[in-house]
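**Student:** quick one, structure for this:
(chains A and B)
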Number of protein chains: 2
Amino acid sequence: MNYLDMNLEMLLESERQLLYEYEQHREQNLKIDMTRGKPCVEQLDLSENMLKVISCNEDCFTDYGFDCRNYGLVDGLDYAKQIFSGIIGVPWQQIIVGGNSSLNLMYDAVARCMLYGVYGGNGPWVKADKVKFICPVPGYDRHFAICESLGIEMVNVPLLSDGPDMDAVEELIKDEAVKGMWCVPKYSNPTGTTYSDAVIKRIAAMRPASKDFRIFWDNAYAVHDIYDDGDVLMDLLPECEKNGNENLPYIFTSTSKITYPGSGVSALGASRANIDHIKSIMQKQTIGHDKMNMLRHVKYFKTADGIREYMKKHAAILRPKFEACQRILSEKLDGTGIAEWTSPKGGYFISLNVYPGCARNTVALAKEAGVVLTEAGATFPYHKDPNDTNIRIAPSFPKVEELEKGIEVLCASAKLASVRKLIEEKK
Amino acid sequence: MNYLDMNLEMLLESERQLLYEYEQHREQNLKIDMTRGKPCVEQLDLSENMLKVISCNEDCFTDYGFDCRNYGLVDGLDYAKQIFSGIIGVPWQQIIVGGNSSLNLMYDAVARCMLYGVYGGNGPWVKADKVKFICPVPGYDRHFAICESLGIEMVNVPLLSDGPDMDAVEELIKDEAVKGMWCVPKYSNPTGTTYSDAVIKRIAAMRPASKDFRIFWDNAYAVHDIYDDGDVLMDLLPECEKNGNENLPYIFTSTSKITYPGSGVSALGASRANIDHIKSIMQKQTIGHDKMNMLRHVKYFKTADGIREYMKKHAAILRPKFEACQRILSEKLDGTGIAEWTSPKGGYFISLNVYPGCARNTVALAKEAGVVLTEAGATFPYHKDPNDTNIRIAPSFPKVEELEKGIEVLCASAKLASVRKLIEEKK
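**Tutor:** Numbers count the residues shown, from 1 in each chain, chains lettered A, B, ... in the order given. You can find the predicted model right below:
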């Protein structure tokens, strides 16, 4: 039943069967949205008690009497920094607490490089002839969109099972124009890959040609295990320090997928020099981010361990969804030869690679059958998946039954698209 | 008792008396902070019930069932747009609702011009040889700090009693490098000036040489009257439309001084083309601002009129403070010939002009006596008050009794500094 071993006649027969199966799905008039890594309502409902921790004037003060309603503290509440410190492994004094969007914090960090340059660097990047970023692929579309928007040229590097292909990275950073690298080091979007200690040590020891080089370390899924034996990520900053590379990383995280995607709190950690440099510019930009919402999070979670404990509730909701995906993917695609997929222990995504040249058609077929997936190509810079093979599955939002339907449709679509491609190739 | 009419002997005698008076103040070991336009605790307490409007999961949805906790709506809630529409006179469809800092919204707007340019303009401003902004003075230090930070050259224009000196403005905009102008059109910071209809009509009819030109219209005090017969500001956008100039203004406001300075909601209104252009870039920058906080404001105020009614409570707290300032300024400085000050019907500031060359010394003397004022020079670009004359008084934060003390110290300091200057000039 491996499509790759079939002759033309067998493939044509398979196509007839698969088309029949696909049409059955299509007739159900499904309407399932699996486009984005959106928490589901049950997950959002978990944080209900956070809505109650500030409900009168007296609640608006920190323990040491600071009024969170008023101006002040451009870099956020110390208590919030302390919680984030326990999550991203950066001393709390070197953390800036942001608003509800870590994407915004990342965009601002890149825009700041463009307009002002980095600490100890060669000045504003807008003055450079060319700026390039290393992008492990497949990766996060919104990282790539920031680069594209700001005219930063993206260079693909394969994301291997233990992290970015460091041989390729070490070659690329010899180029002065290469000034940055995107990383989602734990449960990477979309593959779920967690960087190994060995890879992190190599990253921390990099010797980029450009003094401007920064690692944009988006630790979005730091505490987002769906199993008790989740992946363990080595802290980057201490490793960088060992190599005299403490100014290399900007480290980001947020509570978007802990409390509320639209109303969480984000954080940026880095070396003291980087943070001082960023703060000096940030002071012109804003009066500081929403301290009431920081205080809400602080009162609700108290510590990083409070968050870790709480994440088990998310895991209990997400685990059946991830497992349903794995089960159906195995049932429908094992042994077909036309697909492989990841089985992450956390994060928000499963990455499916279909037969080369078939991702776009697969997603289009699924859409026609009422199942909307992330656009094919989205996981690559410029929306160009060179092999047209990668599809991102976001299992969190739909209910389990919907999800099962959705993955069935996806599998049927993948098989139909692949068989058609094989037929084309055989003809 | 007019110091300007005194001979040297009289001045020396006055100095002795004034020094004695000043020392009396100094011995009280005061500690009064009048540096910033910060609402006082009683004002912040007014919004207590807003803390209660979202206290359970069911509260997190808009009337039409949108879940404000999750991702979505990069430009904010329609309901929030509708409220802001009633405040800044821009159709709600042409409003973007921002986060807790309108300063951030303004910084981003300028930074966006630098990196991308404006709708219908000549491309990124960073590519231009020089960018200049017109700055009516005295003005808001944080506007000037944005320009300074981004390397935009500031050109002073006098703020007259009815708005910026438009003869000067119309001359300056013949220069292609002049690409922007800051305005606080109602209860301007620090003078409390409200632009007249005639000035607004001239602004709306401007023909700047540069296609890039934008008016940064910071309507921060739109509803901040302290008397029932507050100033009435003409809406700028409709006037611009009449002149085919609808793409000229970016209009900003916020609830920082309505609900919470650290946790309000901001808004940006402009022409449809401007808003579409900004949104297309903003989509790369953020997942959108905090919709839960928008919803909190919407549920609490419901309409723009709801806000207007509510502002009477702020007025009741601020009015006695402004009146205390006026009373003491009159008592202590009337007829001295060395000071004049504004008497605004709203906003957050009173502007005091002391004898030329004496602002810095006045502020220093007051500080030595325990009364901290906004740094002299802060109301001018590059912190350079060419006449060293302007002092910003921020009456909102201290209690009335403190404020009275503070203004007495300020007056004593102003007189001492002025008399010393006059003695110097006479010698």
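
**Student:** CA only for contacts and neighbour counts going forward, please
**Tutor:** Will do.

**Student:** phi and psi next, for the nearest residue to A:S14 once chain neighbours are set aside.
**Tutor:** Spatial nearest neighbour of A:S14, excluding adjacent residues (C-alpha to C-alpha, 6 or more residues apart in numbering or on different chains): A:V419 at 7.4 Å. Here is the backbone geometry of A:V419 (degrees, to the nearest 10): phi -60, psi -40.

**Student:** for burial, what's the neighbour tally of A:V419?
**Tutor:** 26 (other C-alpha atoms under 10 Å in any protein chain shown).

**Student:** mind checking pLDDT for it?
**Tutor:** On the pLDDT scale, A:V419 is placed at 97.

**Student:** tell me if I'm right that A:F380 and A:D141 touch.
**Tutor:** Yes - A:F380 lies in contact with A:D141 (C-alpha atoms under 8 Å); the separation is 6.8 Å.

**Student:** ok, those two, which is more surrounded?
**Tutor:** In this view A:F380 and A:D141 are compared by other C-alpha under 10 Å, and A:F380 has more residues nearby, 24 against 18.

**Student:** quick one, phi psi at the closest residue to that one other than its chain neighbours?
**Tutor:** Leaving aside its chain neighbours, A:F380 sits nearest to A:P138 (5.6 Å; criterion: C-alpha to C-alpha, 6+ apart). Dihedral angles phi and psi of A:P138 (degrees, to the nearest 10) take the values phi -70, psi 150.

**Student:** next: A:L410.
**Tutor:** Phi and psi for A:L410, reported as degrees, to the nearest 10, are phi -60, psi -40.

**Student:** which residues does it contact?
**Tutor:** A:L410 is in contact with A:T362, A:V363, A:A366, A:V371, counting by C-alpha atoms under 8 Å, 6 or more residues apart in numbering or on different chains.

**Student:** residues near the nearest residue in space to the last one that is not next to it in sequence, how many?
**Tutor:** Here the nearest residue to A:V371 in space, its sequence neighbours aside, is A:I32; by C-alpha to C-alpha, 6+ apart that works out to 4.8 Å. Residues within reach of A:I32, counting by other C-alpha under 10 Å, total 20.

**Student:** before we move on, what about the one 5 residues further on?
**Tutor:** Using other C-alpha under 10 Å, A:G37 is surrounded by 21 other residues.

**Student:** OK, contacts around it?
**Tutor:** Applying C-alpha under 8 Å, 6+ apart, the residues contacting A:G37 are A:Y348, A:F349, A:A394, A:P395, A:S396, A:F397.

**Student:** for A:R202, which non-adjacent residue is spatially closest?
**Tutor:** The shortest distance from A:R202 to any non-neighbouring residue, by C-alpha to C-alpha, 6+ apart, is to A:M166 (7.3 Å).

**Student:** tell me the contacts of that neighbour?
**Tutor:** A:M166 sits next to A:V199, A:R202, A:I203 when contact means C-alpha under 8 Å, 6+ apart.

**Student:** pLDDT wise, what is it at?
**Tutor:** Predicted confidence (pLDDT) for A:M166: 98.

**Student:** so how far is B:G269 from it?
**Tutor:** Distance, A:M166 to B:G269, using C-alpha to C-alpha, to the nearest Å: 47 Å.

**Student:** same question for A:K179.
**Tutor:** According to C-alpha to C-alpha, A:K179 stands 36 Å off from B:G269.

**Student:** which one of these two is surrounded by more residues?
**Tutor:** Counted by other C-alpha under 10 Å, A:K179 and B:G269 do not tie: B:G269 has more neighbours, with 27 against 23.

**Student:** before we move on, back to that, which among the contacts of A:L410 count as buried?
**Tutor:** Buried by 16 or more other C-alpha atoms under 10 Å in any protein chain shown: A:T362, A:V363, A:A366, A:V371, out of the contacts of A:L410.

**Student:** how about whatever residue of the stretch 101-250 of chain A ends up closest to chain B, phi and psi?
**Tutor:** Nearest to chain B, among the residues of the stretch 101-250 of chain A, is A:N104, at 4.6 Å (C-alpha to the nearest C-alpha). Torsion angles at A:N104 (phi, psi; degrees, to the nearest 10) stand at phi -60, psi -40.

**Student:** neighbours of it, how many?
**Tutor:** With other C-alpha under 10 Å as criterion, A:N104 counts 22.

**Student:** export stretch A:389-399 to CSV, keeping only CA atoms.
**Tutor:** Output of stretch A:389-399 as CSV, limited to C-alpha atoms (Å, rounded to 0.1, in the frame of the first residue of the first chain):
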residue,chain,number,x,y,z
THR,A,389,6.2,19.8,1.1
ASN,A,390,5.5,21.3,4.5
ILE,A,391,2.2,21.7,6.2
ARG,A,392,1.7,23.0,9.7
ILE,A,393,-1.0,21.4,11.8
ALA,A,394,-2.4,23.4,14.7
PRO,A,395,-4.4,21.1,16.9
SER,A,396,-5.3,23.4,19.8
PHE,A,397,-8.4,25.3,18.7
PRO,A,398,-10.9,22.7,17.3
LYS,A,399,-12.7,20.3,19.6
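
**Student:** give me the contacts around that stretch.
**Tutor:** A:32-41, A:138, A:190, A:318, A:321-322, A:325, A:348-360, A:363, A:373-377, A:379, A:403.

**Student:** pretty sure A:L248 is touching A:K211, no?
**Tutor:** No - using C-alpha under 8 Å, A:L248 is not in contact with A:K211; the gap is 9.3 Å.

**Student:** what's the end-to-end length of stretch A:362-374?
**Tutor:** Taking C-alpha to C-alpha, stretch A:362-374 runs 11 Å from one end to the other.

**Student:** hmm, who's touching that stretch?
**Tutor:** Here stretch A:362-374 makes contact (C-alpha under 8 Å, 6+ apart) with A:22, A:25-27, A:29-36, A:375-376, A:391-394, A:406, A:409-410, A:413-414, A:416-417.

**Student:** now do the strand or helix carrying A:S85: distance to the chain's middle.
**Tutor:** Secondary structure assigned from DSSP states H and E places A:S85 in helix A:78-88. Helix A:78-88 has its C-alpha centroid displaced from the chain centroid by 20 Å (C-alpha atoms, centre = their mean, to the nearest Å).
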